[in-house]
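1. Make a model of this:
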Amino acid sequence: MKIAVLADTHIPKRARELPPRALDIICHSDMLIHAGDILTEDFLRYLRCMITVHAVLGNNDRGLKLPAKLQIEVEGVRVAIIHDSGASKGRAKRMKKLFPHADAVVFGHSHIPMNCRQEGILLFNPGSATDKRRQPKHTMGTLDVLNGSITGTIVELD
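-> Model (predicted):
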């Protein structure tokens, strides 16, 4: 199973639309995880017309009816989703305590891509496809679930 991962898209404030490569990845995936800062119901509806979306509320998502955190199971792998995982120091321990049974935690907020294993869980931040801030590239992510394990890839979009 291939999962496209976005966070911090900030559409239409930071961009009018996703980059073409991001759309291509989404269209060739089995589902999409969005880790918050979607901004509008219109953009969320647009994504849901393309693919099954699992999304959480970001700090800029005023009026959207989304959960603050979410846990899903994909082919036996438990994936937790939250927008803000807090400071980098102590993040793995915090996420393990918040989601003790998760195999992976997907988060956003910082716009800084991250793909690493700590405390026995995959910590995954796709960065931002539309608002790179101080990062060298716009990015998104993909997660691959196979035989009960999960791996992540950060994809550079430009």
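2. Which residue ranges of the protein form helices?
-> For the chain, applying DSSP state H gives helices covering 20-27, 41-50, 91-98.
3. Same list as before, the ones you listed that is, but in JSON lines and with mean neighbour count and distance to residue 57 included.
-> For the C-beta atoms, the positions are set from N, CA and C on the backbone; glycine is no exception. Shown next, in JSON lines, are those (neighbours: other CB atoms under 10 Å; distance: least, CB to CB, whole Å):
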{"stretch": "helix 20-27", "mean neighbour count": "16", "distance to residue 57": "20"}
{"stretch": "helix 41-50", "mean neighbour count": "14", "distance to residue 57": "11"}
{"stretch": "helix 91-98", "mean neighbour count": "16", "distance to residue 57": "15"}
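4. So for residue 5, which of the ones you listed sits nearest?
-> Minimum separation from residue 5 across the helices of the chain (CB to CB) falls at helix 20-27, 9.3 Å.
5. which residues are in contact with stretch 78-91?
-> For stretch 78-91, the surrounding residues in contact (CB atoms under 8 Å, 6 or more residues apart in numbering) are 3, 7, 33, 35-37, 54-59, 68-73, 94-95, 98-99, 101-109, 118, 123, 125, 143, 150.
6. One more pass at 7 Å, please.
-> Outside stretch 78-91, the residues that touch it by CB atoms under 7 Å, 6 or more residues apart in numbering are 33, 35-37, 54, 56-59, 69-72, 94-95, 99, 101-109, 123.
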